[in-house]
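Colleague: no letters, just coordinates:
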RNA sequence: GCCGAAGUGGCGGAAUGGCAGACGCAGCGGAUUCAAAAUCCGCCGAGGCAACCCCUCGUGUGAGUUCGAGUCUCACCUUCGGCACCA
């Protein structure tokens, strides 16, 4: 009964490869469609079932569009720079290039085994010299426009990884990859001036068809409007500038705070306070981001200095405190404790005055129990008194500008992008510096590198390739490449130079890969203008939401720079964006009561309500006894089933099935290779689409893929019964409705309901005495984007030919991939006679058969003829009739 | 704390404001079989009823709008994702 998926899938994958069926070509007069997947990092563990989810969705769209007559560009490549290959190199001495090649081989084989319609001739690899060349070329564009610059700034240094990380790569004070602690440390860095594009990056989101990611990016950019206000420092020429979004509260400023890492902090400090402030500044420097974020208790030290309030002339003290960040705004604030929670807390702790200047109802109060941060009416505010917040802000801004005390200012949370990494496996930065030396720095002779004079490589010197290294270990804050002396130092016109030893972050290659697909073998240009006009912009981009602010923000930034350089012609690269939801693995939960050494004392069922979170120490405890509890999991093959319920095989406690992120530690990882082997690629594809809405998080169930396999077997069986008989009216109507439904669902990426529509049609056809060939043909066409191998096979078989016929396999034209998509007749999609439910007072009491456009009188008459309706309306008067033809008849009686 | 998304059978999920639970999984009953697997047919939200019928309840909780609410409005609860001393 079951078809031989291994034979079928092997045959058609070979066919597509032999004939290059999915080569992307422009043909005159055809519309184009560029459908893009986020390309993978080829890790050593291979594909997991999350990858094929988005890839299948785009593949269905690509195949569908092709059948609709579009020229389709659907490429794939490798984001191959990255830490794991390098860590493996450190452990084994294998060059990352070799590991990377090997992993790419595995990924490519796995993707091909899923039958994706990629144009493999356009494969790109971010580590290939031919690709690196253009990444560096773009870097030079940035450099020449002043958008790439060096600075000595406190950066996120991750000692465990031996590199700095971008702000976007640090989560809760830990590295995004690996979860290692991150500390702030000043280092010479390359940065990209993404802040210069902050406004455009925020504003241009408006025109994009993107999900909630737009809001995330707006939040990350964090634009806020306010004022820059100048506070003179008492007894000094110095002026302290602050940024505030609440200029209306200026009269309430009772002290100031300067960040400990502000360059002028020690300068302001009086001699008497110098020792205390220095100690505080040093301590703040040593604090990791993790400590800063977990301990929010306010700390700070008085600098001894005072500022003059620019409006009242009052002297207010200047503190330093680490709740003010050196990197945001001006690194100093005016503190308004009455109207800012943080300032309120600090003022309470240090006994500083709290003066209300905005009152919710306009009545001044003397005591405040908490900061009032909302809008209200100004009090105790001189010229602002009686004004509501919005007007008070505007008036104060005008006043500040008129008096020359301050001005309007926009501030962003977004920081410039720290673009250098101290690792080996990345693109070298194509910059070098003059060196002062009396000997040969390659032999370790004394030398001095003048980092203030960066010299860019010429375009024709690209690519600058990585040197061979014996030791890939990171740790040198100047970068792992410092060890490649022969590579690093060189002579030109008798003068010594040193190459930049930092490399680019992994994001560099993925910032522009979608452009290289246009013309991947071009050795003269990054891509030809014609190839750009042929395919850009990307019509549909699908990938994980974990890239919502990282990759997607960086890529948009580079694209805009290239736009300004005249390299690209659109201001945005990705018109429509969709994030596929993560696929979770099933595990079975139980609780273990453990002692101090982690030994299991006894087991508890997975739904035990006595288990609660331990708020003091983290983890979980028993509410009744306070004993420590750990959550443990079993995987499906370890459990014991009794009466249809899962139990622990040793402890015998009831298990609770839960969906968790797939991880090696939990043992709930599903390998697509196993699924392809056992059920076939088509079954995997159909199941991943059938699981639920594309964007949603979904738990994997192996029994589910089995159901999809049954569906495909049924299609196979039905198709083989195809005969030359006319389709009955009912069948023909269902076929039309199915074609319509599948078409509309694919267009809207509702792939789960498209599959279910196909199931309904197959179930219908399977129940027929004789199966009309015309119906099967359209079924197979609609199925082909979802299950392309089986569809190819059946497409030739239902025409009475043998799929394994070598002559047929040699013919590039027989593929179903180039067949026109079936059409439907709208008139056949609506039924003439429909069953209309009859409600009495909103409750369904009967059903009547009516023409879909029957008038109200007819409907009412038919309804009142129904026995059940008569019973429900007996002895009552019909007061009102609500009738929607073809949908509902509601009789209101009383 | 702030922003965003979501709560529907045993499970995944479906429903232009109009018969809640399509389709699939699991389960139950039957056919086939020496038997099993596979396959095919039927049942499958909860409660009531001797009973097909039928009746009542039912889409996180509580209000509201409406002839009619899973769907719209407000408040709340829970879960997930993101951000988090951003002045």
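Modeller: Sure thing, it's come through. Owing to the predicted nature of the structure, the values given are computational and were not obtained by experimental measurement.
Colleague: the residue of chain A found nearest RNA strand B: neighbour count?
Modeller: Among the residues of chain A, residue A:707 lies nearest to RNA strand B; the distance is 2.6 Å by C-beta to the nearest atom of the strand. For glycine as for every other residue, the C-beta is placed from the backbone atoms N, C-alpha and C. Residue A:707: 14 surrounding residues under other C-beta atoms under 10 Å.
Colleague: what's near enough to touch it?
Modeller: residue A:687 (C-beta atoms under 8 Å, 6 or more residues apart in numbering).
Colleague: and what of residue A:449?
Modeller: A:433-435, A:498.
Colleague: do the same with residue A:165
Modeller: Contacts of residue A:165 by C-beta under 8 Å, 6+ apart are A:155-156, A:158, A:175-176, A:182, A:418.
Colleague: among the residues you listed, which are located in strands?
Modeller: A:155-156, A:158, A:175, A:418 (DSSP state E).
Colleague: circling back to that earlier point, which of the contacts of residue A:449 has the most neighbours?
Modeller: residue A:498 (21 neighbours).
Colleague: ok so, going back, any idea how far the residue of chain A closest to RNA strand B lies from residue A:713?
Modeller: 11 Å (C-beta to C-beta, to the nearest Å).
Colleague: stretch A:459-470: which residues count as buried?
Modeller: Buried residues in stretch A:459-470, counting neighbours by 16 or more other C-beta atoms under 10 Å, are found at A:462-464, A:466, A:469.
Colleague: those residues also near RNA strand B: which ones?
Modeller: Among those, no residue lies close to RNA strand B (C-beta under 7 Å from any atom of the strand).
Colleague: any chance of the ones in strands among the contacts of residue A:165 in CSV with distance to RNA strand B as columns?
Modeller: Below are the ones in strands among the contacts of residue A:165 laid out as CSV (distance: C-beta to the nearest atom of the strand, whole Å):
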residue, distance to RNA strand B
A:155, 14
A:156, 11
A:158, 16
A:175, 12
A:418, 14
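Colleague: tabulate the contacts of residue A:165 (CSV), appending pLDDT.
Modeller: Formatted as CSV, those follow (pLDDT from 0 to 100):
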residue, pLDDT
A:155, 80
A:156, 81
A:158, 83
A:175, 78
A:176, 74
A:182, 78
A:418, 89
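Colleague: residue contacts, residue A:422?
Modeller: Contacts of residue A:422 by C-beta under 8 Å, 6+ apart are A:162-164, A:474, A:476-480, A:502-503.
Colleague: residue A:666 now?
Modeller: Counting by C-beta under 8 Å, 6+ apart, residue A:666 has contacts A:585, A:587, A:633, A:635, A:660.
Colleague: just for chain A, where's the confidence low?
Modeller: For chain A, residues meeting the criterion pLDDT under 70 lie at A:1, A:172, A:288-290, A:292-295, A:609, A:612-619, A:641-645.
Colleague: would you list every one of the helices in the stretch 401-550 of chain A?
Modeller: Using DSSP state H, counting those that start in this stretch, the helices of the stretch 401-550 of chain A run over A:485-488, A:507-510, A:513-516, A:529-535.
Colleague: redo the ones you listed as a markdown table? Include mean neighbour count.
Modeller: Output for the helices of the stretch 401-550 of chain A, formatted as a markdown table (neighbours: other C-beta atoms under 10 Å):
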| stretch | mean neighbour count |
| --- | --- |
| helix A:485-488 | 16 |
| helix A:507-510 | 24 |
| helix A:513-516 | 24 |
| helix A:529-535 | 16 |
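Colleague: now the ones you listed as a markdown table including distance to residue A:778?
Modeller: Output for these, formatted as a markdown table (distance: least, C-beta to C-beta, whole Å):
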| stretch | distance to residue A:778 |
| --- | --- |
| helix A:485-488 | 62 |
| helix A:507-510 | 40 |
| helix A:513-516 | 35 |
| helix A:529-535 | 31 |
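Colleague: tell me how chain A divides into domains.
Modeller: A:30-136+A:512-579, A:149-194+A:419-499, A:224-411, A:588-661, A:672-828, A:831-893 (automatic domain parsing).
Colleague: my guess is residue A:668 meets residue A:588, correct?
Modeller: No - between residue A:668 and residue A:588 there is no contact under C-beta atoms under 8 Å: 9.6 Å.
Colleague: anything in contact with each of the two?
Modeller: The contact lists of residue A:668 and residue A:588 share A:633, A:635, where a contact means C-beta under 8 Å, 6+ apart.
Colleague: quick one: the nearest residue to residue A:667 once chain neighbours are set aside from residue A:663, how far?
Modeller: Among residues not flanking residue A:667 along the chain, residue A:635 sits closest, at 4.8 Å (C-beta to C-beta, 6 or more residues apart in numbering). Taking C-beta to C-beta as the measure, residue A:635 falls 11 Å from residue A:663.
Colleague: and the two? which has more neighbours close in?
Modeller: residue A:635 (14 against 11).
Colleague: list phi and psi for the more buried one.
Modeller: phi -100, psi 170 (degrees, to the nearest 10).
Colleague: hmm, it is touching residue A:665, no?
Modeller: No - using C-beta under 8 Å, residue A:635 makes no contact with residue A:665, being 11.4 Å away.
Colleague: and residue A:208, how many neighbours?
Modeller: Residue A:208, neighbours per other C-beta under 10 Å, totals 17.
Colleague: excluding chain neighbours, what is closest to it?
Modeller: residue A:572 (6.2 Å).
Colleague: filter the contacts of residue A:422 down to the buried ones.
Modeller: Of those, these count as buried by 16+ other C-beta under 10 Å: A:162-164, A:474, A:477, A:479-480, A:502-503.
Colleague: hang on, the earlier thing: quick one: neighbours of the residue nearest to residue A:208, just the number.
Modeller: Residue A:572: 19 neighbours (other C-beta under 10 Å).
Colleague: what number of residues lie near residue A:573?
Modeller: 24.
Colleague: which two in the contacts of residue A:449 are spaced the farthest apart?
Modeller: A:434 and A:498 (8.1 Å; C-beta to C-beta).
Colleague: which parts of the stretch 101-250 of chain A sit against RNA strand B?
Modeller: Counting by C-beta under 7 Å from any atom of the strand, the stretch 101-250 of chain A sits next to RNA strand B at A:167, A:171-172, A:212, A:215-216, A:219-220, A:222, A:224, A:226, A:242-246.
Colleague: narrow these to those that are buried.
Modeller: Buried among these by 16+ other C-beta under 10 Å: A:167, A:216, A:220, A:226, A:242-244, A:246.
Colleague: any buried residues in stretch A:67-85, and which?
Modeller: Buried-residue list, stretch A:67-85, by 16+ other C-beta under 10 Å: A:67, A:70-85.
Colleague: and the strands in the stretch 651-800 of chain A?
Modeller: A:656-661, A:698-699, A:722-723, A:771-772 (DSSP state E, counting those that start in this stretch).
Colleague: so who does the spatially closest residue to residue A:300 that is not a sequence neighbour touch?
Modeller: Nearest residue to residue A:300 in three dimensions, chain neighbours excluded: residue A:321, at 3.0 Å (C-beta to C-beta, 6+ apart). Shown in contact with residue A:321 (C-beta under 8 Å, 6+ apart): A:257, A:259-260, A:298-301, A:346.
Colleague: tell me which of the strands of the stretch 651-800 of chain A is the most buried.
Modeller: strand A:771-772 (a mean of 22; mean count of other C-beta atoms under 10 Å).
Colleague: which strands and helices sit next to that one?
Modeller: On a contact count with 3 or more C-beta pairs under 8 Å, 6 or more residues apart in numbering; DSSP states H and E, strand A:771-772 meets strand A:722-723.
Colleague: what about 7 Å?
Modeller: Helices and strands touching strand A:771-772, by 3 or more C-beta pairs under 7 Å, 6 or more residues apart in numbering; DSSP states H and E: there are none.
Colleague: each with direction, which strands does it pair with?
Modeller: strand A:722-723 (parallel) (DSSP bridges).
Colleague: for the strand it pairs with, give me every contacting residue.
Modeller: Residues outside strand A:722-723 that contact it (C-beta atoms under 7 Å, 6 or more residues apart in numbering): A:770-771, A:773, A:776, A:798.
Colleague: many thanks, we can stop here.
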